[in-house]
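Novice: got a predicted structure plus its sequence, pasted below:
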Amino acid sequence: MEKLKYAFAYWSPREKKWLVCNTYFVLTDGIGDNNIYGQFLSSNWFSYHHNLKDKFVPFHFAVLGQKNMVHFEKTQRSLNSHLNLVPSCNDIHSDCFDFSEYFHIGVDLIEGINSNLEMNGVTTTFTMRGHKKSVNRLSLNIRKFVDQGNEKISITLPQVSI
């Protein structure tokens, strides 16, 4: 079986559109029900910072796989073709990909994670289940910090188990 290339997409609340990271997940063999494990090796590949003085919004993510290379710009145009103000799993045209999964963190959950984090403390890893198949999982590292006097949370280093 030919291995797929997996890309990571996220909804940018600032830009109000889906963005696709221009780096693929680094893949290894998975365990159990999930036979593929992928991760970003550097926070430079994906890092989202949310100012804590701003209202929390839901976070939306997608993992997209293709046998051939994912055309990042074309994929981004496809995800944004509906011009939705509120992103959802319906933005992902599954017939365009050999694999697609949607993940979501609601406002209540992100507020709970934030309240449990200590400033400049330990990073926590948060894991979500997939919308299509709950066995698919996406984990993200989340930490709280101060940057130039502004309190922020940072979401980085996605890891996928599919």
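Specialist: That came through fine. Residues are numbered from 1 along each chain as shown.
Novice: His104 reaches Phe61, doesn't it?
Specialist: Yes. Look at His104 against Phe61 with CB atoms under 8 Å: they come within range, at 7.4 Å. (Glycine included, C-beta is placed from N, CA and C.)
Novice: mind listing the shared neighbours of the two?
Specialist: Shared contacts of His104 and Phe61 (CB atoms under 8 Å, 6 or more residues apart in numbering): Met128.
Novice: just want to know which of the two has more residues nearby.
Specialist: Ranked by neighbour count (other CB atoms under 10 Å), His104 and Phe61 place Phe61 first, with 23 against 19.
Novice: which strand or helix spans that one?
Specialist: Phe61 belongs to strand 59-66 when assigned by DSSP states H and E.
Novice: so what's the residue positioned nearest the centre of the chain closest to, chain neighbours aside?
Specialist: By CA atoms, centre = their mean, the chain has its centre lying nearest to Phe61, at 3.8 Å. Using CB to CB, 6 or more residues apart in numbering and skipping the chain neighbours, the partner closest in space to Phe61 is Phe103 (4.4 Å).
Novice: what sits against that neighbour?
Specialist: Listed by CB under 8 Å, 6+ apart, the contact partners of Phe103 are His60, Phe61, Ala62, Val63, Met128, Arg129, Gly130, His131, Leu138.
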